[in-house]
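Trainee: Next one to model:
(one chain, ligands or ions: 1)
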Amino acid sequence: MASKSSTRTSPDKQRKLLASHKTEGNSRRPPPLQISKTSKSEPVTPRELPKGAPQVVAKQVSVETIENKKHSPSSLVDKLNSSLSLGDPKRLPDDLSAVVIGTKNLPEDGGDQEKKTSDQGVSPASAKVSDGASSLAKTSGSAKVSERADFVESGKSSICRGSTSSDVSDESTCSSLSSSVNKPHKANDIRWEAIQAVRSKEGVLNFGHFRLLKKLGCGDIGSVYLSELRGTKCYFAMKVMDKTSLASRKKLLRAQTEREILQSLDHPFLPSLYTHFETEKYSCLVMEFCPGGDLHTLRQRQPGKHFTEQAVKFYVAEVLLALEYLHMLGIVYRDLKPENVLVRDDGHIMLSDFDLSLRCAVSPTLVKSSAPESELLRKNPVYCGQPACIEPSCIQPSCVVPTTCFGPRFFSSKSKKDRKPKNEMGNQVTPLPELIAEPTNARSMSFVGTHEYLAPEIIKGEGHGSAVDWWTFGIFLYELLFGKTPFKGSGNRATLFNVVGQPLRFPETPVVSFSARDLIRGLLVKEPQHRLAYKRGATEIKQHPFFEGINWALIRCASPPEIPKPVEFERMSSPTVSSSDKANGAGSAAYPDQNNYLEFDFF
Ligand SMILES: Nc1ncnc2c1ncn2[C@@H]1O[C@H](COP(=O)(O)OP(=O)(O)OP(=O)(O)O)[C@@H](O)[C@H]1O
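Mentor: Numbers count the residues shown, from 1 in each chain. This next block holds a predicted model:
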């Protein structure tokens, strides 16, 4: 799979790698934004909007700090730190003291970030709101913008359903509590069993139990390594975060948000957090490894740099289920883009990267809506009565109400035109319920996301909720189909203006079905309240004709468009990787010395 950076590189090589990785030349998008504070900055005011753009009076959310998730190559390169040989697991935590993760040496005050504010044309503000890590704070001398009451500050308490931290955290003394009880999808997972076996034998897991094989990439808050649970041939992606660096860059809360969200997940298209442990210096998340790379990279390899409509249908359907599940847990994802959709070894997808997510309260509701009078029923919802069964694609026997909760198709509650004729509905006599899992009351004032994917309401500073995920879903669908995003401008600022003011247009080629374009049109409605899925979330989208024929309940048994080549883990850990292998990238992570050590950089 494509990694964002590599191991064992000289500072020079590292510099090139970094530069190529971060620039458009490598067709990587600029990093996502997170504005977490407010003060003075350039507003997106009506007079600045392009001709013909709607005259928007932005709610004055000002910006003091823009947290770019990844820093510029130049700032990073100059801060490159020493690499380290890892070998004796017992020594690891101490040895790592010489290593810096993240951008520890960057200015802590966000000085360079302040500069970016004006580049990005963000509204000024008089309030400070942060919720990438879901924090909320007052601003001195300025108005206070508060989140809605149902918003839960992350890092303080999680309202997510699912497993508790004791399931996966080895910080806790309750490691023996871990089981797949709260993660039914893990019941037959050998990696889960391997972790449990070590736990029950040794108590707590730590660095020493893992062998790092290859650097898979690095993000703003840590680096991700392919690692093996020693002696098990079970492989994981381990995200290693330097706690001091996180603290100095005020990103502890973001890291905590990500960890808490990961802990709460148990879904086929979302990451499994197998364990989490802390050393004095590091916080480590052990997750499922996806060898297929991300959809951004995969798209570049397609003819015409876009997927076929059939492939797109598969990927977006899986992403839709993942988003639906997140919304049911009260998590607004906010960072959907192909780079964050990883491909598993079986070709199915895994949505990753939760540090920009927003958490809020939600009550998934099962509504009997098959009758045409679904509007009436929506006003008088019929509850499922099985609050534990909130998994839309649940086909596990452990799901106690599978037949009543989730049929393979829902009835359409859309217009007559979109509805199937009665005879095509088969013999569904009993009304099928509709699951409404939309945290419609979620509200955030943060400016987070990736320019080309930012929803208009985020740019305008109007406050946003779960509908931003349906906007990004529309952009995502567009990009996979057409090989580009719809509102990209000559620069970030132009892109933001286009998102707010330019109408949606489709290129003539590639030729894309009417239903695909219709779905995109429904999703890329600038006013969130008129956007498809605004009220009933994923349920509305699933019923769109674009997804005709999709068996939602069994999609994870469907054949993926592409299955990644098997990874030769053994070869990676082999001490005898040839230099030519290394030159062409194969086994580049293997450390060819007798100790099987892996040298790697944290930055
Ligand atoms: N489970 C995984 N399997 C395979 N590769 C992964 C996995 N998780 C992350 N990666 C790789 O590591 C890279 C860094 O991931 P990470 O989540 O730390 O950063 P990011 O996606 O850039 O986001 P952020 O900056 O918010 O941390 C990813 O871009 C991806 O290529």
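Trainee: Next, the distance between the ends of stretch 280-300.
Mentor: Stretch 280-300 has an end-to-end distance of 41 Å (Cα to Cα, to the nearest Å).
Trainee: So this structure: which segments form each domain?
Mentor: By the assignment in the TED database, the chain contains the domains 187-289, 290-368+433-566.
Trainee: Just checking the shortest one against the ligand, any contact.
Mentor: Right, domain 187-289. Yes. Using Cβ under 6 Å from any ligand atom, domain 187-289 reaches the ligand at 216-222, 224, 237, 239, 271, 287-289. Just so you know, the C-beta spots here come from the backbone N, C-alpha and C atoms, and that holds for glycine as well.
Trainee: do the same with the last one
Mentor: Yes. Applying Cβ under 6 Å from any ligand atom, one finds domain 290-368+433-566 touching the ligand at 290, 294, 340, 342, 352-353, 355.
Trainee: What score does the closest residue to the ligand within the stretch 451-600 of the chain have for pLDDT?
Mentor: Per Cβ to the nearest ligand atom, V567 is where the stretch 451-600 of the chain lies closest to the ligand, at 10.2 Å. At V567, the pLDDT value in this model is 90.
Trainee: same deal with the one 4 residues further on?
Mentor: The pLDDT attached to R571 in the predicted structure is 75.
Trainee: So what's the residue count around it?
Mentor: Using other Cβ atoms under 10 Å, the number of residues around R571 comes to 13.
Trainee: Remind me what whichever helix or strand it is part of packs against, helices and strands.
Mentor: In the assignment (DSSP states H and E), R571 maps to helix 569-573. Here helix 569-573 touches strand 210-218, strand 223-229, going by 3 or more Cβ pairs under 8 Å, 6 or more residues apart in numbering; DSSP states H and E.
Trainee: and with 10 Å instead?
Mentor: strand 210-218, strand 223-229, strand 234-242 (3 or more Cβ pairs under 10 Å, 6 or more residues apart in numbering; DSSP states H and E).
Trainee: thinking again about what came up before, of the residues of domain 187-289 next to the ligand, buried ones?
Mentor: 216-222, 224, 237, 239, 271, 287-289 (16 or more other Cβ atoms under 10 Å).
Trainee: Listing request: residues of the stretch 451-600 of the chain with sub-threshold pLDDT.
Mentor: Applying pLDDT under 70 to the stretch 451-600 of the chain flags residues 573-600.
Trainee: Break down it into its strands, ranges please.
Mentor: 598-601 (DSSP state E, counting those that start in this stretch).
Trainee: the helices in it, which residues?
Mentor: Per DSSP state H, counting those that start in this stretch, the stretch 451-600 of the chain carries helices over the ranges 456-459, 467-482, 492-501, 514-523, 538-542, 569-573, 579-583.
Trainee: Of the ones you listed, which is nearest R359?
Mentor: Closest approach to R359 among the helices of the stretch 451-600 of the chain (Cβ to Cβ): helix 467-482, 13.1 Å.
Trainee: residues of the closest one that come out buried?
Mentor: Buried residues in helix 467-482, counting neighbours by 16+ other Cβ under 10 Å, are found at 467-482.
Trainee: And the closest residue to the ligand within the stretch 101-250 of the chain, how close does it get to P545?
Mentor: Per Cβ to the nearest ligand atom, G219 is where the stretch 101-250 of the chain lies closest to the ligand, at 2.1 Å. Remark: distance between G219 and P545 (Cβ to Cβ, to the nearest Å) = 37 Å.
Trainee: With D469 instead?
Mentor: For D469, the distance to P545 - Cβ to Cβ - is 21 Å.
Trainee: Longest helix in the chain, by number of residues?
Mentor: As assigned by DSSP state H, the longest helix anywhere in the chain is helix 309-328.
Trainee: who does that helix touch, helix- and strand-wise?
Mentor: Short answer (3+ Cβ pairs under 10 Å, 6+ apart): helix 309-328 packs on helix 295-300, strand 331-332, strand 341-343, strand 349-351, strand 433-436, helix 467-482, helix 514-523, helix 538-542.
Trainee: Keeping just the C-alphas, turn it into PDB.
Mentor: C-alpha atoms of helix 309-328 as PDB (Å, rounded to 0.1, in the frame of the first residue of the first chain):
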ATOM      1  CA  GLU A 309     -19.800   3.700 -11.600                       C
ATOM      2  CA  GLN A 310     -20.100   0.200 -10.400                       C
ATOM      3  CA  ALA A 311     -17.000   0.400  -8.300                       C
ATOM      4  CA  VAL A 312     -18.200   3.800  -7.000                       C
ATOM      5  CA  LYS A 313     -21.500   2.400  -6.000                       C
ATOM      6  CA  PHE A 314     -19.700  -0.300  -3.900                       C
ATOM      7  CA  TYR A 315     -17.400   2.100  -2.100                       C
ATOM      8  CA  VAL A 316     -19.900   4.800  -1.400                       C
ATOM      9  CA  ALA A 317     -22.500   2.300  -0.200                       C
ATOM     10  CA  GLU A 318     -20.000   1.000   2.400                       C
ATOM     11  CA  VAL A 319     -19.000   4.500   3.400                       C
ATOM     12  CA  LEU A 320     -22.700   5.300   3.700                       C
ATOM     13  CA  LEU A 321     -23.200   2.500   6.200                       C
ATOM     14  CA  ALA A 322     -20.200   3.600   8.100                       C
ATOM     15  CA  LEU A 323     -21.500   7.100   8.300                       C
ATOM     16  CA  GLU A 324     -24.900   5.900   9.300                       C
ATOM     17  CA  TYR A 325     -23.400   3.900  12.200                       C
ATOM     18  CA  LEU A 326     -21.400   6.900  13.300                       C
ATOM     19  CA  HIS A 327     -24.400   9.100  13.300                       C
ATOM     20  CA  MET A 328     -26.200   6.600  15.300                       C
END
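Trainee: coming back round to it: format the CA atom coordinates belonging to the helix holding R571 as PDB.
Mentor: The C-alpha trace of helix 569-573 is given here as PDB (Å, rounded to 0.1, in the frame of the first residue of the first chain):
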ATOM      1  CA  PHE A 569       4.800  -9.700   6.000                       C
ATOM      2  CA  GLU A 570       7.500 -12.400   6.400                       C
ATOM      3  CA  ARG A 571       9.600 -10.700   3.800                       C
ATOM      4  CA  MET A 572       9.300  -7.400   5.500                       C
ATOM      5  CA  SER A 573      10.700  -8.800   8.700                       C
END
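Trainee: Name the nearest residue to M350, ignoring sequence neighbours.
Mentor: Excluding its sequence neighbours, the residue lying closest to M350 (Cβ to Cβ, 6 or more residues apart in numbering) is L342, at 4.7 Å.
Trainee: what does L336 give?
Mentor: T472 (4.0 Å).
Trainee: Likewise for K526?
Mentor: In space, K526 is closest to P456, 4.6 Å off (Cβ to Cβ, 6+ apart).
Trainee: that's a helix at V204, yeah?
Mentor: No. V204 is assigned coil when assessed by DSSP: H, G, I helix; E, B strand; the rest coil, not a helix.
Trainee: which SS state does H276 fall under?
Mentor: Three-state assignment for H276 (three-state DSSP): strand.
Trainee: doesn't Q263 make contact with it?
Mentor: Yes. Look at H276 against Q263 with Cβ atoms under 10 Å: they come within range, at 7.3 Å.
Trainee: What is the neighbour count of S559?
Mentor: There are 10 residues near S559, going by other Cβ under 10 Å.
Trainee: For it, list the residues it contacts.
Mentor: 314, 346-348 (Cβ atoms under 10 Å, 6 or more residues apart in numbering).
Trainee: low-confidence ranges in this structure?
Mentor: Residues of the chain meeting the criterion pLDDT under 70: 1-28, 30-31, 34-187, 368-432, 441, 448, 573-603.
Trainee: hang on, isn't the residue of the stretch 101-250 of the chain closest to the ligand packed against D355?
Mentor: Yes. Proximity of G219 to D355 meets the contact threshold set by Cβ under 10 Å, at 7.9 Å.
Trainee: and E479, what does it touch?
Mentor: Contacts of E479 (Cβ under 10 Å, 6+ apart): 295-296, 299, 306-307, 312, 337-338, 452-453, 485-486, 488.
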